[in-house]
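sequence first, then the predicted structure, then my questions.
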Amino acid sequence: MTDAHVHEALDGRCTDEALDGRYIDQALDGRYVHEESAAGFGTVRIRSLDAEADAAVVHGWVSEERAAFWGMNGLTEDQVAEVYAHMAGLDTHHAFLVELDGEPVAVLQTYEPSEDRVGECYEVLPGDIGVHVLLAPAGERGARPGWSSALMGVFASYVLVGMDRRRVVVDPDVRNDKALARFVRQGFETGPVVTLPEIDLPDVYLPRKTAQLAFLRREVAFPG
């Protein structure tokens, strides 16, 4: 099982705010917490993950070898649904399905570091928010240069501006060079290598993990 957090309800006001060449449109229906245009790719929308309805899609992604570090290889579709049903009942961890022009393209999980095992491994500061990201496979359209960077930019604007947070923390497996390189390209600064303790509870099991912490400060992502 993986970690995660956050849900921000948007009201009916329409507020377009320019952010580094992108725009946030807050006139959304009730399911969506964020909408933003990713230049050259389309419209990205973020909504709460539905444990039952989205289980098949997410199971397909997490079952691939490329997603081994997500920690769900070998789980059945029902078990994936159970993981996210449990998460939906938490106040500190939440999961979101990310869509590009209506098609699922990623899972975003956010969490309060002070209420997560990572909080035992570094000094949590006010305004910190933890994030986990799983990108969908390229699909029929194939790899699109710049897509992962554009999507990470959308995530940054949601958690840092939309949620009014000061700093994002990520904790990829120390062996996951690809994920760490992606974060560094987005402006994340590497922190210490830490050992996240094993969590063994009736509803949650997380194996011990050696992680490379990295941080993205709001003023770096959105200077000025």
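Yes, it's here. Numbering: from 1, shown residues only.

longest helix anywhere in this protein?
Longest helix of the chain, by residue count under DSSP state H: helix 77-88.

counting by contacts, list what that one packs against.
Contact here means 3 or more CB pairs under 8 Å, 6 or more residues apart in numbering; DSSP states H and E; on that basis helix 77-88 packs against helix 55-62, strand 93-100. From N, CA and C alone the C-beta is placed, and that goes for glycine too.

now mean neighbour count, mean pLDDT and distance to residue 86 too, for the ones you listed, in CSV please.
Output for the helices and strands packed on helix 77-88, formatted as CSV (neighbours: other CB atoms under 10 Å; pLDDT from 0 to 100; distance: least, CB to CB, whole Å):
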stretch, mean neighbour count, mean pLDDT, distance to residue 86
helix 55-62, 19, 97, 13
strand 93-100, 22, 96, 9
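
and the ones you listed as TSV, adding distance to residue 144?
Converted to TSV, the helices and strands packed on helix 77-88 look like this (distance: least, CB to CB, whole Å):
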stretch	distance to residue 144
helix 55-62	17
strand 93-100	10
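
got the buried residues for stretch 43-54?
Buried residues in stretch 43-54, counted by 16 or more other CB atoms under 10 Å: 44-51, 54.

quick one: contacts of that stretch?
With contacts defined as CB atoms under 8 Å, 6 or more residues apart in numbering, stretch 43-54 is touched by 7, 28, 31-38, 58, 81-85, 87-88, 94-102, 104-105, 107-108, 151, 154, 158.

of those, buried ones?
In the contacts of stretch 43-54, burial by neighbour count holds for 28, 32-38, 58, 81-84, 87, 94-100, 104-105, 107-108, 151, 154, 158, counting by 16+ other CB under 10 Å.

average pLDDT across stretch 170-187?
Averaging pLDDT along stretch 170-187 yields 95.

in strands, which of the buried residues of stretch 43-54 appear?
When strands are assigned by DSSP state E, the members of the buried residues of stretch 43-54 inside them are 44-48.
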